[in-house]
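Asker: following is a predicted model, sequence given first.
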Amino acid sequence: MYTFWAYFNLGIRHFSNINSVEHILFLIALCTVYLMRDWKKVMLLILCYSIAYVTTLLLSTFDLIKIPEEVAEYLISLTVFLTAAWNLFRKQYGSASIFQLSYIPAFFFGLVHGLGFAGYFKSILNRNTDIGFQVFSFIIGIETSQVLIATLFLIVSWLFVNNFGVHRRDWVLVISSGIAGIGLTFMFEARFWVQ
């Protein structure tokens, strides 16, 4: 049981600390177009994202995929920018067709984010114990962090849109514009071809 809690806590701390800000911003960008009533859709998006990053996390952990860390960091920053920018051009929010389209960036960009987690996970992996159980515990920790962050963001969205009278379109534009700007900054800082 110690192994589970140790890797579960590592997963929570890894996703929710300041060093994982790109992952948090991506998650918020995914959630920005939804409100509290859409929580089931958000949880399905998170699950889709998680399946994708678990896939590349495992493939990279076992050296079946090898991508330089600086390339992965740049691609993660790009996913943050693209997801936020996509929100700026949406005409409607929360509909079934828009939700189904959201699976595409959630999954494919999740594959990229898994590469970013892989380097960290390899560094904490204990090869002397059950690797599968460590992976499972770590992923459950990350998933718990994602659900908590998404829920907190949906509550904040609900407060602003439903209680403070902020127009939903304005909310999406402000949050998405801010995240897109930060994503562009990260992309500029992570230009791996310049180093």
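Answerer: Good, I have the coordinates.
Asker: switch to C-alpha atoms for all contacts and neighbour counts from now on
Answerer: Noted.
Asker: return the set of buried residues in the lowest-mean-pLDDT helix or strand in the chain.
Answerer: Here the helix or strand of the chain ranked lowest by mean pLDDT, DSSP states H and E is helix 96-124, holding a mean of 74. By neighbour count with 16 or more other Cα atoms under 10 Å, helix 96-124 contains the buried residues 99, 102-103, 105-107, 109-119, 121-122.
Asker: helices and strands around it, which ones?
Answerer: The contact analysis (3 or more Cα pairs under 8 Å, 6 or more residues apart in numbering; DSSP states H and E) places helix 96-124 against helix 21-31, helix 39-61, helix 69-88.
Asker: so for Ser177, which of those helices sits nearest?
Answerer: Closest of the helices and strands packed on helix 96-124 to Ser177 is helix 69-88, at 6.8 Å (criterion: Cα to Cα).
Asker: export the closest one as PDB, just CAs?
Answerer: Below are the C-alpha coordinates for helix 69-88, written out as PDB (Å, rounded to 0.1, in the frame of the first residue of the first chain):
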ATOM      1  CA  GLU A  69      12.600  16.500 -23.900                       C
ATOM      2  CA  GLU A  70      13.100  20.000 -25.500                       C
ATOM      3  CA  VAL A  71      11.000  18.900 -28.500                       C
ATOM      4  CA  ALA A  72       8.200  17.600 -26.200                       C
ATOM      5  CA  GLU A  73       8.200  20.800 -24.200                       C
ATOM      6  CA  TYR A  74       7.800  22.900 -27.400                       C
ATOM      7  CA  LEU A  75       5.000  20.700 -28.600                       C
ATOM      8  CA  ILE A  76       3.200  20.900 -25.300                       C
ATOM      9  CA  SER A  77       3.400  24.700 -25.400                       C
ATOM     10  CA  LEU A  78       2.000  24.500 -29.000                       C
ATOM     11  CA  THR A  79      -1.000  22.400 -27.800                       C
ATOM     12  CA  VAL A  80      -1.700  25.000 -25.100                       C
ATOM     13  CA  PHE A  81      -1.700  27.800 -27.700                       C
ATOM     14  CA  LEU A  82      -3.800  25.900 -30.300                       C
ATOM     15  CA  THR A  83      -6.400  24.700 -27.800                       C
ATOM     16  CA  ALA A  84      -6.900  28.300 -26.400                       C
ATOM     17  CA  ALA A  85      -6.900  29.800 -29.900                       C
ATOM     18  CA  TRP A  86      -9.500  27.300 -31.100                       C
ATOM     19  CA  ASN A  87     -11.800  28.500 -28.300                       C
ATOM     20  CA  LEU A  88     -11.600  32.000 -29.700                       C
END
